[in-house]
Each structure stands twice: as C-alpha cells, then as structure tokens.
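Peer 1: here is the input, now give the coordinates:
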Amino acid sequence: MNFWIPLLFNAVLTGAPLMFGTLGEILTEKSGNMNLGVEGMMYMGGAFGLGAAYYYEKIAGESANAIAGLLIAVFFAFLAGAIGALIFSFLTISLRANQNVTGLALSIFGTGVGQFAGEFMRVREGGYIAVGAQMKAIFQNSPFPAVLLNIPVIGKLIFGYNIFVYLGVIIAVIMSYLFNKTRVGLNLRSVGESPATADAAGISVTRYRYLATVIGGGISAVGGMIYIMTIAGCVWNHEGLSGEGWLAVALVIFCLWRPLNAIWGSAMFGALMILYLRLSIPFIPNQIYKILPYLVTVIVLIITSLRNKKEDQPPAALGLPYFREER
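Peer 2: All right, here's what the predicted structure looks like:
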C-alpha cells in the first residue's frame, strides 16, 4: 500500500496535463483534422498562462484574487492555443495545405513562441517568473474541505487532487455525451468520417472543422498551463514541457479516440512517466522507462489494426483535405 497509493496519486497528477492535451486532440481529430502541433500549443499555453497569472498578481498587488488569477491564466492559455490552432485551420482547411507538415511546423513554431515568451519574461523581470503562495495554492491544492481529505485511504485518492483533474474528467464526460448523444456531435463525427456525405446533407464541413480544431487547440494549450502551474511549481522552465505534446498525440491513439478512455489512459501514462522514480532497477536506464508510453501505444495500434474493428479505428477522413468540387 505504501507503494501503490502514492504511485496512483502522483500518476493522476502527472497525467492531468496529458488528459487536456489528449481531449483537445480527440476533438480535433473527430472532425477529420490531424493537428500534430499539440506540443507547440502546450508550450504557448504554459508560457502565456503563467505570464497572465504573474502579471495579474503583480498589477493587482495585495488586492489580487487567486480565483481571478486562475481564470485569467486559463483564458490566456486557451486563447494562445486557439490562435495557434486557427493558423493551422486556415492553412489546412482554407488553403488545403498538408496537415502533417503544417502540424509539425506549428509544433516548432509554438515551441519557439512559448520559449521566447517565457525567457523574455524571465530576463525582463531579472529572475524566475513565479506566482505567490496564495496564487500557487489555488492551482495546486484540492478544492475540497479537509474533512474529506482526511478519510482514510480513499480521502486523498478521491478528493486530494487539484481542480484541473476534476475539470478534465468533466470535460471528458461532456465530450463523450456530445459525440454520442447530440446532433452536433453526430454532425461532427460525420464530417470526420465522410465529409462529402455530410456536405450533401447540408452540414458545413468548414465550420465544424474550424470550430473543432480551434476549441481543441485551446483545450490542449490549457494542458500546458496546468503542467507549468502544478507539476513545474508555477515557475517557468523552458524544457519542462518537452515531449508532453507528443505523449498526448500518442495517448489519442491509445484511447482509440474515445474521451472517457482519456481519464484512465492519462493516469496510466502518468504512472509510466514517473515509474523510474518509484521503481528503480539498477541495470535498466531511465530512458527505457520514458519510452514505455510510446511502446504501449505501438502495441495498442498493432492490436487494433489486427482486430480491424470499425469502432476502434480513427475517423475515415482523418488527415484528408476536403475538396467540395470533387464531391
């Protein structure tokens, strides 16, 4: 118990940024767009989210409200990712550029923008960019009262996480309901499966792809902000987010494009990411532990390909531009 409970608790915390990155990319890919720029959007979200909270606290001074700082950080992180995804959408939907190449370019561009913004703030302020203790607490502490946290064993495992863990679960449930129980979700899935058929039925392929990609990009960027404000201790680290976006893309495949799977999948990936800290084997390098999430994803991809079940496959039109003239 002394091994498994701390491992599970920290796995959920470590997987929270991945959950947001994965949910945003699932929403994007359900529309038929494959945005490989998640890494860049998470970098932008981390830098601009931290910067927004820091400068709000600096300007407001003693009157700064921690909840307002949290909302401002989430807003600017979402906005940064949405703008990055909007650029991607314009190039791939309106100009029909190759989605793979554009996504990789966005990853490089977003990483550069995020690192530049973070380092610019650090140099301008003459030191580390970090928020105060009160602001840090609202990002990292549990929103539940101590009486629930003190319940033996399950108290910490159920009620001990920061607010973003519960927000991620809520978003996953809403997305699952949206995809499976609403007309909007059905239209979105039809655009990702067969845009020509959706277009013939009067569904605007362009509008659905734009909205899904931009909103999905914003959600992914919030994951980057969560990483900086929780795991990184509310201090900018230009290397801290390295690889998080690519793990999120891998987790999309692992979850089989199902939002609810992202809840436990992110916790599993989180456990694999920190396993080398909890279970150190002398003759196994740490790098082997760090590739486990990708290895598991490859295994799942092979198994689902062999089974060839339609419900386990990606959207049929994923990554393909839509030319209405060819309908």
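Peer 1: from Met175, how far off is the residue lying closest to Ala221 once chain neighbours are set aside?
Peer 2: Spatial nearest neighbour of Ala221, chain neighbours left out: Gly81 (2.3 Å); criterion: C-beta to C-beta, 6 or more residues apart in numbering. Quick note: C-beta positions are derived from backbone N, CA and C, even for glycine. When distance is defined by C-beta to C-beta, to the nearest Å, Gly81 is 16 Å away from Met175.
Peer 1: where exactly do the helices run in the stretch 151-300 of the chain?
Peer 2: Ranges of helices in the stretch 151-300 of the chain, per DSSP state H, counting those that start in this stretch, are 154-159, 163-181, 183-193, 195-200, 205-226, 244-254, 261-278, 286-290, 292-307.
Peer 1: and Phe3, which of the ones you listed is closest to it?
Peer 2: Among the helices of the stretch 151-300 of the chain, helix 261-278 comes nearest to Phe3, with 6.9 Å by C-beta to C-beta.
Peer 1: report the buried residues of that closest one.
Peer 2: 261-263, 265-276 (16 or more other C-beta atoms under 10 Å).
Peer 1: show me the contact partners of the worst-scoring helix or strand of the chain on mean pLDDT.
Peer 2: Of all helical and strand segments in the chain, the minimum by mean pLDDT, DSSP states H and E falls on helix 286-290, at a mean of 75. Helix 286-290 is touched from outside by Leu272, Met273, Leu275, Tyr276, with contacts defined as C-beta atoms under 8 Å, 6 or more residues apart in numbering.
Peer 1: show me the contacts for Arg209.
Peer 2: Ser31, Gly32, Asn33, Ser89, Ile93, Val191, Tyr322.
Peer 1: Throw those residues into JSON lines and include pLDDT, thanks.
Peer 2: Putting the contacts of Arg209 into JSON lines (pLDDT from 0 to 100) gives the following:
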{"residue": "Ser31", "pLDDT": "96"}
{"residue": "Gly32", "pLDDT": "95"}
{"residue": "Asn33", "pLDDT": "95"}
{"residue": "Ser89", "pLDDT": "96"}
{"residue": "Ile93", "pLDDT": "94"}
{"residue": "Val191", "pLDDT": "96"}
{"residue": "Tyr322", "pLDDT": "86"}
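Peer 1: now the buried members of those residues.
Peer 2: Ser31, Gly32, Asn33, Ser89, Ile93, Val191, Tyr322.
Peer 1: from the residues you listed, which land in helices?
Peer 2: Ser89, Val191 (DSSP state H).
Peer 1: ok, now how distant is Leu277 from Ser266?
Peer 2: 18 Å.
Peer 1: try Leu241
Peer 2: 16 Å.
Peer 1: surely Asp246 touches Glu39?
Peer 2: Small correction: residue 246 is Trp, not Asp. Yes: between Trp246 and Glu39 there is a contact under C-beta atoms under 8 Å: 5.7 Å.
Peer 1: between these two, who's got more neighbours?
Peer 2: Glu39 (28 against 17; other C-beta atoms under 10 Å).
Peer 1: wait, what's in contact with that one?
Peer 2: Ser107, Gly110, Thr111, Leu241, Gly243, Glu244, Gly245, Trp246.
Peer 1: one more time with 7 Å
Peer 2: Ser107, Gly110, Thr111, Glu244, Gly245, Trp246 (C-beta atoms under 7 Å, 6 or more residues apart in numbering).
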